[in-house]
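[1] output the structure for:
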Amino acid sequence: MTLDIADVAAKLNEMASSHLIGQLQDIRKALHGFDRRPRDKIFSGQTTFENWAFHHGGRTELQFNIGRETSETGEVLRHGIAFSFETNQTLPLIDVLVPKAGLFNDYLRSNPDDFGDMRM
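    Numbering: from 1, shown residues only. The predicted model follows:
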């Protein structure tokens, strides 16, 4: 059976309200000083693709993402956080990401015990 990333993203959106991640768009609104919340949901149709999805607004910041991958045991759901350094029309230069990635790396180095189960 093939994982349908759009279905997974929709289910995560549905379940998010009972978890801290459900406050993501409110947190982003406060951090960025937006007048209104960017979206109600974590994932949107604009950020969900056939094999992967990232949170709405995640191109210029640390992004929460999910993806479908094949492993030696079959198809698996990957989930995590990342910076996407791929340029496109929305992000023609990665300059905005460089200092954010540096801060993230500094945080990881300063708090390694908090991330014992994280893989890169």
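[2] quick check: phi and psi on residue 63?
    Dihedral angles of residue 63 (phi, psi; degrees, to the nearest 10) stand at phi -110, psi 140.
[3] what sits against the closest residue to it other than its chain neighbours?
    Spatial nearest neighbour of residue 63, chain neighbours left out: residue 54 (4.3 Å); criterion: Cβ to Cβ, 6 or more residues apart in numbering. Where C-beta positions appear, they are placed from N, C-alpha and C, glycine not excepted. Going by Cβ atoms under 8 Å, 6 or more residues apart in numbering, residue 54 touches 43, 47, 63-65, 84.
[4] in strands only, show me these.
    63-65 (DSSP state E).
[5] give the contact list for residue 99.
    Neighbours of residue 99 in contact, by Cβ under 8 Å, 6+ apart: none.
[6] before we move on, what about residue 43?
    Here residue 43 is in contact with 9-10, 12-13, 53-56, 66 (criterion: Cβ under 8 Å, 6+ apart).
[7] flag the least confident of those.
    Minimum pLDDT for those is recorded at residue 56 (86).
[8] pretty sure that residue contacts residue 42?
    Yes - contact criterion Cβ atoms under 8 Å: residue 56 and residue 42 qualify, at 6.8 Å.
[9] list the residues that contact both of those two?
    With Cβ under 8 Å, 6+ apart, residue 56 and residue 42 have common neighbours residue 25.
[10] helices of this protein, start to end?
    5-15, 24-32, 97-110 (DSSP state H).
[11] which residues touch the helix or strand of the chain with the lowest mean pLDDT?
    Across the helices and strands of the chain, mean confidence by mean pLDDT, DSSP states H and E is lowest for helix 24-32: a mean of 88. In this structure, residues lying in contact with helix 24-32 by Cβ under 8 Å, 6+ apart are 16, 34, 36-42, 55-57, 61, 64.
[12] and which of those is nearest residue 78?
    Checking the contacts of helix 24-32 against residue 78 with Cβ to Cβ, the nearest one is residue 64 at 11.9 Å.
[13] that's all I had, so thanks and see you.
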